[in-house]
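S.K.: With the sequence up front, the predicted model follows.
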Amino acid sequence: MEDEKKYVLFRVFRNEDDMKFFTDVFDDCGIDYTIENPRADSNDVLASAYGVQMAEDAMQYKFMLMIAEDDFERSQNELRSHIAEYFRNAGSEENTLLNEFNDEELLDVIKKPDEWAVEDIVMAQTLLDKRGKHVSDEVVEAYRNKRLEEVRQPKFGGYGTIIIGYIFAILGGVIGIFLAASLLGKKRIFNGEKVNIYDKATRTNAIIYLTISILVIIVITTYFVVKS
C-alpha cells in the first residue's frame, strides 16, 4: 500500500487572486499541493508544527497553501526561477517597500531567507543588480546555505527552565510532562525541514523529568486507588 502523502504549510493568503501566481507555477512544474481553510480548531495543530506566530498569522487568512513535503525544496527553487523571470518582464516597480531600502538593507534581505519571502529575496537581488551591485545566484545560494546552518542549530533551554522542570516533575507530574513535551519539540525551518528546537543536553534533561513525571503520576494514582 502506497504511503499517504504528507502536506506542510507553505504560505497563507487572504484571497485566491494573491495565491494564483503560486498555484500556476506549481501546476506548470508538477508540484503537488492542496488548499485548505484555517479553522479555529486547527490553531493548536498549526502552533505545534510551525510556531505560535505562524499559527496566529494563518488564522487571520482565508487560504492555506499546503505543499507535499517531498516537494517543498523544489517548490522554492521553481518559484525563484519564475519570480525572477516575472520581475525581468514587469520591472522592479512592483515592490515600493524594497525600492526604499539601501544597498546594505537589500543585502540583509538576501542573507535572511527565513525572515523574507522568496519574491522579496529575488526583488532585492534584482534591485542591487540595477544599482550596479551585482549579487550572483551562487552568492545568494551561499548566503542561503549559511543561514540554513544557523537556523538548524538547536538552542540551550537554560538552567532555570531545566531546574523548574525537575521541580514540577517531582511535585506535580502533569506540568512536568507538558514542559518536557515543549522542550522535546521540533520546528519547521524555511526549507521545509523539521529540526529540534533545543539542544541535546536540554532534551536529555527533558526525557529524564518526563520519566519522573510519569512515575510520580503512577505512584500518586496507585496510592489513592489503594487507599480507597
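M.R.: All right, it came through fine. Note that the coordinates shown come from a computational prediction; the quantities given were computed from them, not determined experimentally.
S.K.: Figure out the helix or strand that Val139 lives in.
M.R.: helix 137-152 (DSSP states H and E).
S.K.: what do you get for Leu9?
M.R.: Judged by DSSP H and E, Leu9 forms part of strand 7-13.
S.K.: can you check Phe190 too?
M.R.: Judged by DSSP H and E, Phe190 forms part of no helix or strand.
S.K.: Which secondary structure state does the residue lying closest to it once chain neighbours are set aside sit in?
M.R.: Nearest non-adjacent residue to Phe190, counting by Cβ to Cβ, 6 or more residues apart in numbering: Asp114, 4.3 Å away. Glycine gets a C-beta too; all of them are placed from N, C-alpha and C. When classified by DSSP: H, G, I helix; E, B strand; the rest coil, Asp114 comes out as coil.
S.K.: tell me the contacts of Asp114?
M.R.: 147, 151, 189-190 (Cβ atoms under 8 Å, 6 or more residues apart in numbering).
S.K.: Same question for Phe22.
M.R.: Contacts of Phe22 (Cβ under 8 Å, 6+ apart): 10-11, 65, 79.
S.K.: mind redoing it with 6 Å?
M.R.: Contact analysis of Phe22 by Cβ atoms under 6 Å, 6 or more residues apart in numbering lists nothing.
S.K.: What residues of the longest helix belonging to the chain count as buried?
M.R.: When the chain is parsed with DSSP state H, its longest helix is helix 200-227. Residues of helix 200-227 classed as buried by neighbour count (16 or more other Cβ atoms under 10 Å): 202-203, 205-206, 209-210, 212-214, 216-217.
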